[in-house]
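Asks: sharing a model prediction with you, sequence too.
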Amino acid sequence: MAMFWQTNTCYEFGPFRVDARERRLLRDGEVVPLRPKVFDILLLLASQGTRAEAMKIVQELESEHPATSYLMAHVYAALGENERAFGYLERALEERHIQLVSLRTDPALDRLRADPRFADVLRRVGLSG
């Protein structure tokens, strides 16, 4: 079971540290760039306990309050759930989501760039080359 604790306004679980006061997420000490709405979702999740509990809450939120597929790709990428992140990017492609135009430069998806599927998504959006 992952360790979890709160330190003032910080939550730590596994390799993650969510700093509510600074409004940033760190993974292994490195800042993970997030949009404000994504950070708010992660802060809520972090305040709920372990990573497994956080993942359960994300899944409940998905079914009760559907967010955009692109936003959910951000959430799962930040949590290191690359398979799910790519699943949501596929969905965003099907929906022709407007935010896909920022795919090439979106820092929230940096964790996915090394995966060959990311280059394929870029190509399919028309942003390769």
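Replies: Looks like it came in fine. Residues are numbered from 1 along each chain as shown.
Asks: SS state for the most centrally placed residue in the chain?
Replies: Geometric centre of the chain, nearest residue: residue 75, 2.2 Å, by Cα atoms, centre = their mean. Of the three states, residue 75 takes helix under DSSP: H, G, I helix; E, B strand; the rest coil.
Asks: check what pLDDT it gets.
Replies: pLDDT, residue 75: 81.
Asks: quick one, what contacts residue 110?
Replies: Neighbour list for residue 110: residue 33 [criterion: Cβ atoms under 8 Å, 6 or more residues apart in numbering]. Just so you know, the C-beta spots here come from the backbone N, C-alpha and C atoms, and that holds for glycine as well.
Asks: one more time with 10 Å
Replies: Going by Cβ atoms under 10 Å, 6 or more residues apart in numbering, residue 110 touches 30, 32, 33, 77, 118.
Asks: let me see the ranges of the helices in the protein.
Replies: Along the chain, the segments classed as helices by DSSP state H run 36-46, 51-64, 69-78, 82-95, 116-125.
Asks: go through the last one and flag the buried ones.
Replies: If I follow you right, that is helix 116-125. Neighbour counts over helix 116-125 (16 or more other Cβ atoms under 10 Å) mark 118, 121, 122, 125 as buried.
Asks: which elements pack onto it?
Replies: helix 82-95 (3 or more Cβ pairs under 10 Å, 6 or more residues apart in numbering; DSSP states H and E).
Asks: gap between the helix it packs on and the chain center?
Replies: 12 Å (Cα atoms, centre = their mean, to the nearest Å).
Asks: tilt between it and helix 116-125?
Replies: 10 degrees (axes from the mean of the first three to the mean of the last three Cα atoms, to 10 degrees).
Asks: for the nearest residue to residue 107 once chain neighbours are set aside, what are its contacts?
Replies: Take residue 107 and drop its neighbours on the chain: the residue closest to it by Cβ to Cβ, 6 or more residues apart in numbering is residue 33, 3.6 Å away. Applying Cβ under 10 Å, 6+ apart, we find residue 33 in contact with 24, 25, 39, 74, 78, 106, 107, 108, 109, 110.
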